[in-house]
Structure formats: structure tokens, C-alpha cells
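Student: Following is a predicted model, sequence given first.
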Amino acid sequence: MNPQTEQQIACHPSVRRWIFLRAFLIGLLVAAWWIMFAPDSLMESSLKITLGVVAGLVATGSYLFNLRKTLYSQGTGAPAAKD
């Protein structure tokens, strides 16, 4: 498969919908894990919830950023040096 075809597949609306759903679920999982399993002795309950939501948002953004970097790479060869 050439890179242009992979890019067209990644831009298809149904594929993007599944990618965003997967990113949302990963963020939800990370947030829930943080809220449920962070020790109560280290922080207050409201702070634990806030940090859990922030961790979920960071996980979602990180997943989408790294996936975008993978799908839309601009070539693998190094540029030639000009003399």
C-alpha cells in the first residue's frame, strides 16, 4: 500500500470516528483508573477527581498526537546535503 492510499483511508469519516472513539475510551480509562486507584492519603477527593480528568485529557491528546504523527509522516529519507 502506498502512503497516499493509507492517508486517504485515514481521512475517511468512518475511520476517523473510530479513531476518536478509541481515543475517548483510552482517556476515560486513564481518568477512571486515576480516580479509583490514587491513594486517598496523598490528596483530597476533589483534587483526585480533577487530576484524574486532566490525566484522561492528556492521554487522549497524546494518543491522537502520536497517531497523527504516525499516519501523516512526511517521508523517511533524510534530506540530501547541498554543497
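Tutor: Structure's in. What do you need? Numbering: from 1, shown residues only.
Student: which non-adjacent residue is nearest residue 60?
Tutor: Excluding its sequence neighbours, the residue lying closest to residue 60 (CB to CB, 6 or more residues apart in numbering) is residue 27, at 3.4 Å. Bear in mind the C-beta positions are built from the backbone N, C-alpha and C, glycine included.
Student: thought that neighbour was touching residue 57?
Tutor: Yes. Counting by CB atoms under 8 Å, residue 27 does reach residue 57; the two are 6.3 Å apart.
Student: sorry, back to before: around the residue nearest to residue 60, how many other residues sit close by?
Tutor: Using other CB atoms under 10 Å, residue 27 is surrounded by 21 other residues.
Student: contacting residues around it?
Tutor: Residue 27 makes contact with 56, 57, 59, 60, 63, according to CB atoms under 8 Å, 6 or more residues apart in numbering.
Student: Let me know the average pLDDT across stretch 67-81.
Tutor: Mean pLDDT, computed over stretch 67-81, is 59.
Student: One more: stretch 37-48?
Tutor: Average pLDDT, stretch 37-48: 88.
Student: gap between the residue nearest to residue 60 and residue 41?
Tutor: Using CB to CB, to the nearest Å, residue 27 is found at 26 Å from residue 41.
Student: Next: residue 16.
Tutor: Taking CB to CB, one finds residue 16 at 42 Å from residue 41.
Student: Those two: which has the busier surroundings?
Tutor: Neighbours per residue, other CB under 10 Å: of residue 16 and residue 41, the larger number sits with residue 16, 11 against 5.
Student: Tell me which helix or strand the more buried one sits in.
Tutor: Assessed by DSSP states H and E, residue 16 sits inside helix 13-37.
Student: Show me what the helix or strand just after that helix is packed against.
Tutor: Later in the chain than helix 13-37, the nearest helix or strand by DSSP H and E is helix 45-71. Here helix 45-71 touches helix 3-11, helix 13-37, going by 3 or more CB pairs under 8 Å, 6 or more residues apart in numbering; DSSP states H and E.
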